[in-house]
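In: What follows is a predicted structure for the sequence shown.
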Amino acid sequence: MAVDRQARLAPTFAVVAAGIAMVNLDLFVCNVALPSIGRAFHGAGLGDLSWVLNAYAIIFAALLVPAGRAADRIGRRTAFLAGVVVFALASAACALATGVWMLVAARAIQAAGGALLMPASLGLLLSVAPPARRAAAIRGWTAIGGVAAALGPVIGGLLVEANWRWVFLINVPVAAVTLVAGLRALPRASATAAERGGPRPDIAGAVILTAAVGLLALALVKADNWGWSSARVLGLIAAAAVLGAVFAYRSARHAAPVIELHMLRLPAFGTATAASVLFGTAFGAMLLLVTLWCQDVWGWSALRAGLAVAPGPLMVPFLSVGAGPLARRVGPGPVAALGCAVYAGGCAFWRLSLELTPDYPAHMLPGMLMTGIGVGLTLPTLVSAAVSAVPPARFATGSGIVTMARQLGIVLGVAVLVTVLGTPAGSGSASGARALATFGHGFVLIGSLAATAGLASLLLIASRRRATAAAIETTAAGTTVTGTTAVPGASRDPVVTGESSGA
């Protein structure tokens, strides 16, 4: 059996890697394509174009956890292949779109396919990985996202050089090969009776969450045009708040909610999730802002802009590896806070150094490297801190929630940035002192968000101390009952070992 698993690991990983690379690439390639899409659709403004990014991110985030539960019910192989088909058909629809809102609708369907195949992919991989290879398999699965983040802007730029529609059309042949290979290579294990008989995922809750986040993003995007005190903006914010309350009420009572609210009451998990939202907001805004600066202010091509962005994401996989041992020694709080501080420093560098005359090595590259270091130190550390704070049986759910939180943060980051820039600055008419001032405000905003995420990350220090103290008290109580003597330093750090600090 072990030999059979070993033989099936490589082809399964290849199929899974192709699927999740498509999904992750589509989170990043569209940033460099936005200006070209706007020109193709008769000068569509940044406010409308932002929904090409946000529709994907909102639907993907809201459906990630329910789709994972659905995959458990119908079988991971079926869910993965169905997700590939939906993603491919939606990608073709994106390429054929004749207007912004047709493209936005196709992107929403594309995100649903991506959300269905992503959680199923890890389950498939682990089902064929021998126990000794599972940790390596998970690292490989995670690394694909980092590689996609690094290559996404470059690949997007190359495809836009031909035509922006190739950004989506390229997914069709890749999905076709993945589908054919998946039918042959993926394990056929069916869902167990316990999995099929489990509670149905809360699809209605996902719809409510999608509507709440979408209305809030719409309010932020339109605030510059409508006015913050206008009835429409205030009405949208109020409606988002009401839907958020309904979502929380439903989640507290549903058997399989999108978010298990009791997990947010675990100090380390709740803190890491909140910090992920804040840092995700800074991350999403930064990717779009730098791309717009390169293309709209410096007048660079999509390919050149993609190459300019690439050094930052390329830092992430290497820093992710080094951040793990460091977090085990000093705790996740200081490491994540350091990452946020470096990230904010990169934004401050851009604010002080960027000029209208292009000078990439002196004025762009240092900030790109600093923000890349910040992402590499912060994102994996926050995910690890969140997942390690929950019981082992809830690892998958915990990682799904914190990933969803980061994606929702990206949505808010794009929406807030649109408000700061306004349509003129993002649509190609920014110039001179106006461009410097407008984009400067954007860099200040992003740096402030990163700094706030760093302050939130520092709260993990107190959570870690409370968890350690609770573990020591539990150990002491146990030794008192049995009449033995506790060995100093023998207790484990629950944040590192995966025990729940709130159990």
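Out: Received the coordinates, thanks.

In: only C-alpha atoms for contact and neighbour calcs from this point on.
Out: OK.

In: Now stretch 286-303: buried residues?
Out: Neighbour-count burial for stretch 286-303 flags 286-298, 300-303 (criterion: 16 or more other CA atoms under 10 Å).

In: Compute the number of surrounding residues for L436.
Out: Neighbourhood size, L436 [other CA atoms under 10 Å]: 19.

In: tell me the contacts of it?
Out: L354, E355, L356 (CA atoms under 8 Å, 6 or more residues apart in numbering).

In: I'd like those laid out as CSV, including pLDDT, neighbour count and distance to A231.
Out: Output for the contacts of L436, formatted as CSV (pLDDT from 0 to 100; neighbours: other CA atoms under 10 Å; distance: CA to CA, whole Å):
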residue, pLDDT, neighbour count, distance to A231
L354, 88, 19, 38
E355, 89, 17, 39
L356, 89, 13, 38
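
In: re the thing from before, from the buried residues of stretch 286-303, which land in helices?
Out: Assignment to helices by DSSP state H places the following of the buried residues of stretch 286-303 there: M286, L287, L288, L289, V290, T291, L292, A302, L303.

In: can I see the domain layout of this structure?
Out: 1-185, 202-255, 262-498 (automatic domain parsing).

In: just so I have it, where are all the strands in the stretch 401-503 of the chain?
Out: Applying DSSP state E, counting those that start in this stretch to the stretch 401-503 of the chain gives no strands.

In: A111 and F60 touch, don't they?
Out: Yes: contact criterion CA atoms under 8 Å: A111 and F60 qualify, at 4.9 Å.

In: what about A97, which SS state?
Out: With DSSP: H, G, I helix; E, B strand; the rest coil as the basis, A97 sits in coil.

In: Identify each buried residue in stretch 437-454, please.
Out: For stretch 437-454, by 16+ other CA under 10 Å, it's 438-454.

In: give the contact list for the residue nearest to the spatial centre of the chain.
Out: Centroid check for the chain by CA atoms, centre = their mean gives Q407 as the closest residue, at 4.1 Å. Residues in contact with Q407, defined by CA under 8 Å, 6+ apart, are A57, I58, F60, A61, V277, G280.

In: PyMOL command to pick out the buried ones of these?
Out: In PyMOL syntax, the buried subset of the contacts of Q407 is picked out as below (16+ other CA under 10 Å):
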select buried, resi 57+58+60+61+277+280
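
In: list the contacts for C340?
Out: F279, G374, V375, T378, A450, A451, A453, G454.

In: wait, what's in contact with the fifth one?
Out: With CA under 8 Å, 6+ apart as the criterion, the residues that contact A450 are L278, F279, A282, C340, A341, Y343, A344.

In: try it again with 6 Å
Out: F279, A282, C340, A344 (CA atoms under 6 Å, 6 or more residues apart in numbering).

In: and these as TSV, adding distance to P366?
Out: Shown next, in TSV, are the contacts of A450 (distance: CA to CA, whole Å):
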residue	distance to P366
F279	20
A282	18
C340	16
A344	13
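
In: Including secondary structure, could those go into CSV?
Out: Compiled in CSV, the contacts of A450 are given as follows (three-state DSSP):
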residue, secondary structure
F279, helix
A282, helix
C340, helix
A344, helix
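
In: What is the nearest of these to G156?
Out: A282 (21.5 Å; CA to CA).

In: quick one: contacts for that closest one?
Out: Taking CA under 6 Å, 6+ apart as the contact definition, A282 lies against G413, I446, L449, A450.

In: State the distance from the third one to G409.
Out: Per CA to CA, to the nearest Å, L449 is found 11 Å from G409.

In: swap in the last one?
Out: A450 is 12 Å from G409, where distance means CA to CA.

In: The nearest residue to V411 once chain neighbours are set aside: which element?
Out: Nearest residue to V411, sequence neighbours excluded (CA to CA, 6 or more residues apart in numbering): N54, at 5.3 Å. Taking DSSP states H and E as the definition, N54 sits inside helix 46-74.

In: other SSEs contacting that helix?
Out: helix 100-128, helix 193-196, helix 203-226, helix 395-426 (3 or more CA pairs under 6 Å, 6 or more residues apart in numbering; DSSP states H and E).

In: thinking again about what came up before, where helices are concerned, which of the buried residues of stretch 437-454 count?
Out: 438-454.

In: On the pLDDT front, check C340 for me.
Out: For C340, the pLDDT comes out at 97.

In: likewise A189?
Out: Looking at A189, its pLDDT reads 65.

In: what does V387 give?
Out: 78.

In: Kindly report the same for T423.
Out: With respect to pLDDT, T423 has a value of 52.

In: And for L365?
Out: Note on L365: pLDDT of 96.

In: how many other residues sit next to it?
Out: With other CA under 10 Å as criterion, L365 counts 19.

In: just the helices in the stretch 251-400 of the chain please.
Out: For the stretch 251-400 of the chain, the helices defined by DSSP state H, counting those that start in this stretch cover 261-264, 267-292, 302-309, 311-330, 332-353, 365-388, 395-426.

In: JSON lines for those, including distance to E161?
Out: Below are the helices of the stretch 251-400 of the chain laid out as JSON lines (distance: least, CA to CA, whole Å):
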{"stretch": "helix 261-264", "distance to E161": "45"}
{"stretch": "helix 267-292", "distance to E161": "15"}
{"stretch": "helix 302-309", "distance to E161": "7"}
{"stretch": "helix 311-330", "distance to E161": "20"}
{"stretch": "helix 332-353", "distance to E161": "27"}
{"stretch": "helix 365-388", "distance to E161": "23"}
{"stretch": "helix 395-426", "distance to E161": "20"}
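
In: what's the closest of those to G214?
Out: Closest among the helices of the stretch 251-400 of the chain, using CA to CA: helix 395-426, at 8.8 Å.

In: Next, the angle helix 203-226 makes with the closest one.
Out: Inter-element angle recorded for helix 395-426 and helix 203-226: 20 degrees (by axes from the mean of the first three to the mean of the last three CA atoms, to 10 degrees).

In: What residues of helix 395-426 count as buried?
Out: Buried-residue list, helix 395-426, by 16+ other CA under 10 Å: 395-423, 425-426.

In: Over to stretch 304-323?
Out: So, applying 16+ other CA under 10 Å, buried residues of stretch 304-323: 304-317, 319-320, 323.

In: So for it, mean pLDDT?
Out: For stretch 304-323, the mean confidence score works out to 85.

In: Just give me the neighbour total for R253.
Out: Neighbour count for R253, taken as other CA under 10 Å: 11.

In: Might you report the residue contacts of the residue lying closest to A256 once chain neighbours are set aside?
Out: Counting by CA to CA, 6+ apart, P201 is the residue found nearest to A256 once chain neighbours are left out, at 5.3 Å. Counting by CA under 6 Å, 6+ apart, P201 touches P66, R69, A256.

In: sec struct for P201, please.
Out: coil.

In: Quick one, grab the pLDDT at P153.
Out: P153 is given a pLDDT of 84.

In: before we move on, what SS does it have?
Out: Reduced to three states by three-state DSSP, P153 is helix.

In: Spatially, what comes nearest to it if we skip its sequence neighbours?
Out: Leaving aside its sequence neighbours, P153 sits nearest to G306 (CA to CA, 6+ apart; 4.2 Å).

In: Please tell me I have it right and that neighbour contacts L151.
Out: No: taking contacts as CA atoms under 6 Å, G306 lies outside contact range of L151: 8.5 Å.

In: rewinding a little: the residue nearest to V411 is in contact with G409, isn't it?
Out: No: using CA under 6 Å, N54 is not in contact with G409, being 10.4 Å away.
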